[in-house]
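>>> the sequence and its predicted three-dimensional model are supplied below.
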Amino acid sequence: MSARQRLWPIILYLIAAMILSVLPMPDWAAPFRPDWVGLTLIFWSMHLPRRFGLGAAWLSGLALDALKGALLGQHALALTIVAFFTLKFRLRLRVFPIWQQSVTVLALIAVYEFILYWVDGMAGRSVDGTDRWIPVVTSAVIWPLVALFFGRLQRRLAFE
């Protein structure tokens, strides 16, 4: 299987993450939705930096802006900054035990949410604080499962 053919499953999972990000949920469960696109980009930026870097983060963010009806460029900016930090420290992150990776993911998703919070504040749009920060914790809690799932996919597709 060529490298281009092996890339399609990852792109499909990124699209699935975007769908999970906008899928309707009950009102009580909506604040607990993990940041699926952020988790997906963190993993693939960490493990396939030549294929999923700043450009993929920016394009994914623009698509997420369009899907969520957010200010154009808001998610693109936030995901690009998260991808930058992930790429900068990827060699360290890869050797961390899973619990330290979860703490790092918590920090990266917190940066992502802070940027969204800042842009919303500059635009005059307010969002409840709990609705903004609970996904940071749920994303960190679910990270071990995401890393296990995508790690198996990476081994199956024989990347790097």
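In hand now; what should we look at?
>>> after the host helix or strand of residue 116, which helix or strand is next?
Applying DSSP states H and E as the criterion places residue 116 in helix 98-123. Sequence-wise, the next helix or strand downstream of helix 98-123 (DSSP H and E) is helix 129-157.
>>> in that next one, what counts as buried?
Along helix 129-157, these residues count as buried under the neighbour rule (16 or more other CB atoms under 10 Å): 132-136, 139-140, 142-143, 146-147, 150, 153-154, 157. (Glycine included, C-beta is placed from N, CA and C.)
>>> and the helix or strand of the chain with the lowest mean pLDDT, what's buried?
Using mean pLDDT, DSSP states H and E, helix 3-22 stands out as the lowest-scoring helix or strand of the chain, at a mean of 86. Buried residues in helix 3-22, defined by neighbour count with 16+ other CB under 10 Å: 6, 10, 13-14, 17-18, 21.
>>> and of the residues you listed, the nearest to residue 84?
residue 14 (17.8 Å; CB to CB).
>>> hmm, back to that, tell me what the helix holding residue 116 is packed against?
Packing contacts for helix 98-123, counted by 3 or more CB pairs under 8 Å, 6 or more residues apart in numbering; DSSP states H and E, involve helix 36-47, helix 74-88, helix 129-157.
>>> how far off centre is the shortest one?
Offset of helix 36-47 from its chain centre (CA atoms, centre = their mean, to the nearest Å): 5 Å.
>>> list the helices and strands whichever helix or strand comes after it packs on?
Downstream of helix 36-47, the first helix or strand assigned by DSSP H and E is helix 54-68. The criterion is 3+ CB pairs under 8 Å, 6+ apart, and the helices and strands that helix 54-68 contacts are helix 3-22, helix 36-47, helix 74-88.
>>> got those helices as JSON lines, with distance to residue 67 columns?
As requested, those are arranged in JSON lines below (distance: least, CB to CB, whole Å):
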{"stretch": "helix 3-22", "distance to residue 67": "5"}
{"stretch": "helix 36-47", "distance to residue 67": "10"}
{"stretch": "helix 74-88", "distance to residue 67": "9"}
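>>> and the nearest residue to residue 74 once chain neighbours are set aside, what does it touch?
Spatial nearest neighbour of residue 74, excluding adjacent residues (CB to CB, 6 or more residues apart in numbering): residue 119 at 4.7 Å. Applying CB atoms under 8 Å, 6 or more residues apart in numbering, we find residue 119 in contact with 71, 74, 77-78.
>>> if you set the cut-off to 10 Å instead, what comes out?
By CB atoms under 10 Å, 6 or more residues apart in numbering, the contact list for residue 119 reads 70-71, 73-75, 77-78, 125.
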